[in-house]
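Asks: With the sequence up front, the predicted model follows.
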Amino acid sequence: MPDLIALARRVLQIEAQALSRLEKNIDIAFAQAAELIYRAPGRLLTTGVGKSGIIAHKIAATFSSIGRDSIFLHPVEALHGDMGMVKRGDVLLAVSHSGFSGELLEFLPLLRPLEIKVIALTGDMVSPLARTARIALDCGVEMEACPLNLVPTASTTAALAMGDALAVAYMELTAFSAADFQRSHPGGRLGQRLAFEVGQVMLQGEQLPLVPPHCPLTEALQVMNAKDLGTVLVVDARNRLLGIFTDGDLRRLNLDPDSGWRNKLISALMTPNPMTASPTALAADALQLMEKTQISVLAIVDGENTVQGILHLHDLLGRGKISFSANYEQM
């Protein structure tokens, strides 16, 4: 009876080694490929045969989910009519570990009249595919995880990881945000959450860390610690928002130990007129505002600036309320 546990560990070790080798292969060609996908005026086409085709399918789906118009084009179907969907300005990402796939090599010459630029993900950098491509990315592996060294395993993992790296690079180039993700994934859990109004997802009532302007900092920190949101909202007697004080403000004060801030009132240390949102605003819009201003907490107020709730980034993204480990009561 084979040791299946040891076998599984060996498979994972081989695939991990393949990814480690892949990381070492990253060079300027990767950046050029990412830029080409970003700047091409047409669509991203992906292609491949067999297991490589499945990987190409997934890469196209990933790019589509981050806003890049992408489709999978089977090379055989392209020879029988699907070439009609290829337009000038498109860019092609071809996946083939060997780089010698006959169907793929028969299809590529059809792209020349349209001047389609080709990016190759291949394990053989001197293969016909690599030589034909405008840019070739080395996805070679030393061995497959299959004991016969035949079944595509480590090689497909490497190609898939390279495709993911290109997709993440595209996200960076386009400044893709969580709000953009919501628009691409309206049916997903995050998409559904971001489609709600802020009033449906905000914290409110007893959960709110409210303090008056005459509150000493030490007492405000006790409220911050008790509510576990890393912030307090400073309000007047009618709960109208005056300012905000966050754990980030506290860290910055700690850099100035001689200012005597420990003995001050919260009104002297708060940030007045902080960023706010309405309870009727979409959560996606609130998230975009938080990303743009690089804040993690947003006060929710009505038309008279009365505090209705508070929105924390981590609750909005569905990860649960973040726990701040600092013990403010001892400061």
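Replies: Nice, I can see it. Residues are numbered from 1 along each chain as shown.
Asks: where does this structure dip in pLDDT?
Replies: 178-195, 256-259, 315, 317-331 (pLDDT under 70).
Asks: That one: helices as residue ranges?
Replies: For the chain, helices defined by DSSP state H occupy the ranges 4-25, 28-39, 51-65, 75-78, 102-107, 128-132, 154-174, 178-184, 189-195, 198-201, 217-227, 247-254, 283-293, 313-316.
Asks: For the first one, name the packing helices and strands.
Replies: For helix 4-25, the elements it packs on are strand 135-138, helix 154-174, judged by 3 or more CB pairs under 8 Å, 6 or more residues apart in numbering; DSSP states H and E. For the C-beta atoms, the positions are set from N, CA and C on the backbone; glycine is no exception.
Asks: Swap in 7 Å and give it another go.
Replies: The contact analysis (3 or more CB pairs under 7 Å, 6 or more residues apart in numbering; DSSP states H and E) places helix 4-25 against helix 154-174.
Asks: Show me what the helix it packs on is packed up against.
Replies: helix 4-25, helix 28-39, helix 51-65, strand 117-122.
Asks: Redo these as TSV? Include mean neighbour count and distance to residue 236.
Replies: Formatted as TSV, those follow (neighbours: other CB atoms under 10 Å; distance: least, CB to CB, whole Å):
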stretch	mean neighbour count	distance to residue 236
helix 4-25	13	56
helix 28-39	16	49
helix 51-65	20	46
strand 117-122	25	60
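Asks: Now render the ones you listed as CSV, adding distance to residue 146.
Replies: Shown next, in CSV, are the helices and strands packed on helix 154-174 (distance: least, CB to CB, whole Å):
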stretch, distance to residue 146
helix 4-25, 9
helix 28-39, 27
helix 51-65, 11
strand 117-122, 19
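Asks: can you tell me which of those comes nearest to residue 138?
Replies: Closest to residue 138 of the helices and strands packed on helix 154-174, according to CB to CB: helix 4-25, at 4.4 Å.
Asks: and the closest residue to residue 14 other than its chain neighbours, backbone torsions?
Replies: Excluding the flanking residues, the one nearest residue 14 by CB to CB, 6 or more residues apart in numbering is residue 145, at 4.3 Å. Residue 145 has phi and psi values of phi -70, psi -20 when expressed as degrees, to the nearest 10.
Asks: picking up where we left off before, to residue 270, which of the helices of the chain lies closest?
Replies: helix 247-254 (7.8 Å).
Asks: Pull out the buried positions in that closest one.
Replies: Under the neighbour-count criterion of 16 or more other CB atoms under 10 Å, helix 247-254 has 247, 249, 250, 253 buried.
Asks: now do stretch 260-279
Replies: Those would be 261, 265, 266, 267, 269, 270, 274, 276, 277, 278, 279, for stretch 260-279 by 16+ other CB under 10 Å.
Asks: In contact with the first one, which residues?
Replies: What that stands for is residue 261. Residue 261 makes contact with 217, 253, 269, according to CB atoms under 7 Å, 6 or more residues apart in numbering.
Asks: who are the neighbours in contact with residue 82?
Replies: residue 73.
Asks: ok so, going back, okay, and which of the buried residues of stretch 260-279 map to strands?
Replies: Counting by DSSP state E, the part of these found in strands is 276, 277.
Asks: Among the buried residues of stretch 260-279, find me the one that's closest to residue 210.
Replies: Nearest to residue 210 among the buried residues of stretch 260-279: residue 266, at 11.0 Å, using CB to CB.
Asks: gap between the closest one and residue 207?
Replies: Using CB to CB, to the nearest Å, residue 266 is found at 19 Å from residue 207.
Asks: What is the most widely separated pair among the buried residues of helix 247-254?
Replies: Most distant of these, by CB to CB, are 247 and 253, 10.5 Å apart.
Asks: Overlap of the contact sets of the two?
Replies: With CB under 7 Å, 6+ apart, residue 247 and residue 253 have no common neighbours.
Asks: and the gap between residue 145 and residue 3?
Replies: Residue 145 is 16 Å from residue 3, by CB to CB.
Asks: out of the contacts of residue 261, who's nearest residue 139?
Replies: Nearest to residue 139, judged by CB to CB, of these is residue 253 at 50.5 Å.
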